[in-house]
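Engineer: fold the stuff below for me.
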Amino acid sequence: MPAKRLFTKKDFEKELNENILDFWTNYMVDHKNGGFYGRIDNQNQVHHQADKGLILNARILWTYSAAYQQFKNPNYLYQAKKAFNALQGFRDLEYKGMCWMLDCKGQPVDTKKQIYAQAFALYGLSEYYKISQKALVMDMAIELYQLIEKHSLDEEQNGYLEAFDRRWNLLDDLRLSEKDVNEAKTMNTHLHILEAYTTLYQVWKNHQLKQSLRNLIQLFLTKFLDSTYHFKLFFDESWNLKSKEISYGHDIEASWLIHEAALTLGDKDLIQVTESMAVKVTEAVMPFFDRDGGLFNAGIADKIKDTDKHWWPQAEALVGLYNAYQITKDIKYLNQVEKTWEFIQQQIIDHKNGEWFWGVKMNGELMEKEDKAGPWKCPYHNGRAMIELIKRL
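Structural biologist: Residues are numbered from 1 along each chain as shown. You can find the predicted model right below:
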């Protein structure tokens, strides 16, 4: 008999419903201007004048839509509707697509078309269609898919280009954030196009979309994945590698999302290939968990470069590890889920105020200057991890 686990399905249900989503419902709803606030800091102070990001709102839409499917909580449907209404405020009706940033009152302050953000809007809309069945939602999702294919797909050399201005002219500064390398093609953006296309294909069985999704899987297997089973991050337009850094969180997140994409397509050969990939990538990440169960941020080759432990790699690790366990039935992956979940409970979850902290340093010091909620800090990574584990357990 296997040893009794330190986690159950009910643990993850409680964490999602009573800690994560309660926080967003109780603190983040903007009753004055509509939608959701743009920022709450680590001291739980709402920044009422903060700008509102497309990524934040799209991820809120996805999370409440997915949570409603799981629990049929009418409040989750209500919040999803609110998030959808807020997302419509990001639409560029003249040039199409979604603006990057609005001010606190809903007026555009940055109209660039970052493909990463367009993909998240598509992701949220596709998930929301599952619970709304509204033609407008489907139309918006299909339009975003077609815009990404029209403007971002590199038809000569394959892959997707990063960023455009309001009129869909390629930008000189392609970076998603100041931390990124200014290059034309990134693993990160391709990963989130993949998850968006996977979700859209679940509700729209279009042949062209099927081919687009298959192409993305092949790009990950042939362009991004290296011989050590880590994913390379930054390339120029001609697929010349521009960074040797490895992101352990992106590795393990990609491991299960690529496998999920193959399962959604239903291709047995591709499923077999991506199952093998998922296990090998997870295995390659295993040495980069600290003794306390937390996953380090990044490194180069076998050397850890960034020893911080942010919230989102921990969340993705739970799913990637459990996925590897489901494929192999190897108990070591389950044991690591247990260790990582224990680390999350002890150092990442805010048991007093709700939600998860941004992260901790290697010595356990809390990263107090980082947001509790904001343009990059959303209920998506941890919320999705809880939902995935609830489904899989």
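Engineer: please make it C-alpha for all contacts and neighbour counts, starting now.
Structural biologist: Noted.
Engineer: neighbours of residue 393, how many?
Structural biologist: By other C-alpha atoms under 10 Å, 11 other residues sit near residue 393.
Engineer: that one and residue 179: what is the separation?
Structural biologist: Look at residue 393 and residue 179: by C-alpha to C-alpha, to the nearest Å, they are 36 Å apart.
Engineer: what's the answer for residue 13, then?
Structural biologist: Distance from residue 13 to residue 179, by C-alpha to C-alpha: 34 Å.
Engineer: these two: which is more packed in?
Structural biologist: More crowded of residue 13 and residue 179, by other C-alpha under 10 Å: residue 13, with 18 against 7.
Engineer: list the buried residues for the host helix or strand of the more buried one?
Structural biologist: Secondary structure assignment for residue 13, by DSSP states H and E: helix 9-14. In terms of neighbour count (16 or more other C-alpha atoms under 10 Å), helix 9-14 has its buried residues at 12, 13.
Engineer: could you give the average pLDDT over that helix?
Structural biologist: In this model, helix 9-14 has an average pLDDT of 98.
Engineer: which other helices and strands contact that helix?
Structural biologist: Packing partners of helix 9-14 (3 or more C-alpha pairs under 8 Å, 6 or more residues apart in numbering; DSSP states H and E): helix 380-392.
Engineer: buried ones in the helix it packs on?
Structural biologist: For helix 380-392, by 16+ other C-alpha under 10 Å, it's 380, 381, 382, 383, 384, 385, 386, 387, 388, 389, 390.
Engineer: now do stretch 347-366
Structural biologist: 347, 348, 349, 350, 354, 355, 356, 357, 358, 359, 360, 366.
Engineer: likewise stretch 46-58?
Structural biologist: Buried-residue list, stretch 46-58, by 16+ other C-alpha under 10 Å: 46, 48, 50, 51, 52, 53, 54, 55, 56, 57, 58.
Engineer: which residue packs closest to residue 317, ignoring adjacent ones?
Structural biologist: residue 252 (6.0 Å; C-alpha to C-alpha, 6 or more residues apart in numbering).
Engineer: make that residue 15, sorry
Structural biologist: residue 386 (7.5 Å).
Engineer: that neighbour is in contact with residue 13, isn't it?
Structural biologist: Yes - taking contacts as C-alpha atoms under 8 Å, residue 386 lies within contact range of residue 13: 6.9 Å.
Engineer: list just the nearest of the buried residues of stretch 46-58 to residue 191.
Structural biologist: Relative to residue 191, the closest of these is residue 55; by C-alpha to C-alpha it sits at 14.6 Å.
Engineer: now name the helix or strand holding the closest one.
Structural biologist: Residue 55 belongs to helix 54-71, assigned by DSSP H and E.
Engineer: ok and that helix relative to helix 380-392, angle-wise?
Structural biologist: 20 degrees (axes from the mean of the first three to the mean of the last three C-alpha atoms, to 10 degrees).
Engineer: the helices in the stretch 1-150 of the chain, which residues?
Structural biologist: 9-14, 21-27, 54-71, 74-88, 115-132, 135-147 (DSSP state H, counting those that start in this stretch).
Engineer: neighbours of the closest residue to residue 261 other than its chain neighbours, how many?
Structural biologist: Leaving out its chain neighbours, the residue that sits closest to residue 261 by C-alpha to C-alpha, 6+ apart is residue 198, at 5.4 Å. Applying other C-alpha under 10 Å, we find 27 other residues in the vicinity of residue 198.
Engineer: and if you look at residue 291?
Structural biologist: 11.
Engineer: contacts only, for residue 162.
Structural biologist: With contact set as C-alpha atoms under 8 Å, 6 or more residues apart in numbering, residue 162 has these partners: 114, 115, 116, 152, 174, 175, 183, 184, 185, 186, 189.
Engineer: mind listing the strands for the stretch 251-393 of the chain?
Structural biologist: 298-300, 303-306, 309-310, 359-360 (DSSP state E, counting those that start in this stretch).
Engineer: for residue 138, which of those is the nearest?
Structural biologist: strand 309-310 (34.1 Å).
Engineer: model confidence over that closest one, on average?
Structural biologist: For strand 309-310, the per-residue pLDDT averages 98.
Engineer: for stretch 184-202, same thing?
Structural biologist: 98.
Engineer: so how far is that stretch from its chain's centroid?
Structural biologist: Centroid separation for stretch 184-202 versus its chain: 10 Å, with C-alpha atoms, centre = their mean, to the nearest Å.
Engineer: related to what we said a few turns ago, distance to residue 297 added to the helices of the stretch 1-150 of the chain, as a markdown table?
Structural biologist: Listed next are the helices of the stretch 1-150 of the chain as a markdown table, based on distance: least, C-alpha to C-alpha, whole Å:
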| stretch | distance to residue 297 |
| --- | --- |
| helix 9-14 | 24 |
| helix 21-27 | 25 |
| helix 54-71 | 21 |
| helix 74-88 | 30 |
| helix 115-132 | 20 |
| helix 135-147 | 31 |
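Engineer: coming back round to it: wait, the residue nearest to residue 261 touches residue 263, no?
Structural biologist: No - with contact defined as C-alpha under 8 Å, residue 198 does not count as touching residue 263 (9.4 Å).
Engineer: hey, what's in contact with both of those two?
Structural biologist: With C-alpha under 8 Å, 6+ apart as the test, residue 198 and residue 263 reach no residue in common.
Engineer: and residue 338, how many neighbours?
Structural biologist: For residue 338, using other C-alpha under 10 Å, the count is 19.
Engineer: and the residue lying closest to it once chain neighbours are set aside, how close does it get to residue 342?
Structural biologist: Residue nearest to residue 338 in three dimensions, not counting chain neighbours: residue 6, with 6.4 Å by C-alpha to C-alpha, 6+ apart. According to C-alpha to C-alpha, residue 6 and residue 342 sit 8 Å apart.
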